[in-house]
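Novice: how does the following fold in three dimensions:
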Amino acid sequence: KKGGGGNSKAASKMIDQALHSKKILGPAREVTLSDQQLRSCEISCNIYSIIKALEFLEKAYVNGDVEPKDYDVQCKRLLAQYNTATDSLGDGFAGMRQFVVDFNLESCKFAIRRLETGVSGYVIHNPGEDLSKGSAVVIAEVVQHIITARDSIEVKMTAIDQIQPVINDIVTSLNRLPNLPSSFTSYQTLKEWNIRLSRMKASDELSEDETRQLAFDLDSALTSFKEICKTLS
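Specialist: Next up is the predicted model:
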């Protein structure tokens, strides 16, 4: 694939060797992989390819080499594939930041940023055009997502794999609202939470201080969002 490079070929060769022999020869000893390890190796190779492809796509979008709508479709597809692949690894996935270090992908800065936001760049910069439902419906979605996040904290569902998807839902819905006023500062706060949580392991838990701060930020977001709802049409 374009943008794959030598590391991608090496990873593919490793997977192919493992699939056919169930063994990987190291410099000092022979290591036999279990079926589960082979599966994890395959999925990791897929994640590697997705990040490389996303980096190529992001650069093409920035350079104007791909139509915005085409970029949007492909970006959403890659993000969905990434989420599916990482979810299938469960606790075996140490987080995106650790993955890019382990597989020497730190140079894929465009892809890393896109994975952190979890939203197509086209949607972020053209939120109104992605508004397939009425604004009133999307407003209701935002309010419901905030309440769901607040309820999750109340029942102590503070593991990253429990709270991050809900925060991401809030940000995604907000991105779909046209004419979101700059006075709604909670938008930036929630985006920062989303990025911060996406960098943590799925099995990590929010600390007591983090939980208290997030609850406060969610309450503030709900209060201020209700105040500006009349301006969103």
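Novice: now the helices: where do they sit in the protein?
Specialist: Ranges of helices in the chain, per DSSP state H, are 5-21, 35-62, 68-89, 96-102, 109-117, 121-125, 135-154, 160-175, 186-198, 208-228.
Novice: just checking, what packs against the third one?
Specialist: Using 3 or more CB pairs under 8 Å, 6 or more residues apart in numbering; DSSP states H and E as the contact criterion, the neighbours of helix 68-89 among helices and strands are helix 35-62, helix 109-117, helix 121-125. In this view, the C-beta of every residue, glycine as well, is placed from N, C-alpha and C.
Novice: list the buried residues in it.
Specialist: 71, 72, 74, 75, 78, 79, 81, 82, 85, 86, 89 (16 or more other CB atoms under 10 Å).
Novice: just to revisit the earlier point, so for residue 170, which of the helices and strands packed on helix 68-89 sits nearest?
Specialist: Residue 170 lies closest to helix 109-117 among the helices and strands packed on helix 68-89, at 12.9 Å (CB to CB).
Novice: quick one: least confident helix or strand in the protein?
Specialist: Lowest on mean pLDDT, DSSP states H and E among the helices and strands of the chain sits strand 23-25, with a mean of 47.
Novice: and the helices of the chain as JSON lines, adding mean pLDDT?
Specialist: Shown next, in JSON lines, are these (pLDDT from 0 to 100):
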{"stretch": "helix 5-21", "mean pLDDT": "51"}
{"stretch": "helix 35-62", "mean pLDDT": "91"}
{"stretch": "helix 68-89", "mean pLDDT": "89"}
{"stretch": "helix 96-102", "mean pLDDT": "87"}
{"stretch": "helix 109-117", "mean pLDDT": "85"}
{"stretch": "helix 121-125", "mean pLDDT": "70"}
{"stretch": "helix 135-154", "mean pLDDT": "85"}
{"stretch": "helix 160-175", "mean pLDDT": "91"}
{"stretch": "helix 186-198", "mean pLDDT": "92"}
{"stretch": "helix 208-228", "mean pLDDT": "91"}
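Novice: what's the residue closest to the geometric middle of this structure?
Specialist: residue 118 (3.7 Å; CA atoms, centre = their mean).
Novice: mean neighbour count, the helices of the chain: which tops it?
Specialist: Per residue and on average, the most neighbours among those fall to helix 160-175, with a mean of 21 (mean count of other CB atoms under 10 Å).
Novice: which other helices and strands contact it?
Specialist: In terms of contact count using 3+ CB pairs under 8 Å, 6+ apart, helix 160-175 is assigned the packing partners helix 135-154, helix 186-198.
Novice: quick one: which of these is nearest residue 39?
Specialist: Distance to residue 39, taken as CB to CB, is lowest for helix 186-198 among these, at 23.9 Å.
Novice: how far off centre is that closest one?
Specialist: In terms of CA atoms, centre = their mean, to the nearest Å, the centre of helix 186-198 is found 12 Å from the chain centre.
Novice: ok, now stretch 177-184?
Specialist: Distance of stretch 177-184 from the chain centroid (CA atoms, centre = their mean) equals 23 Å.
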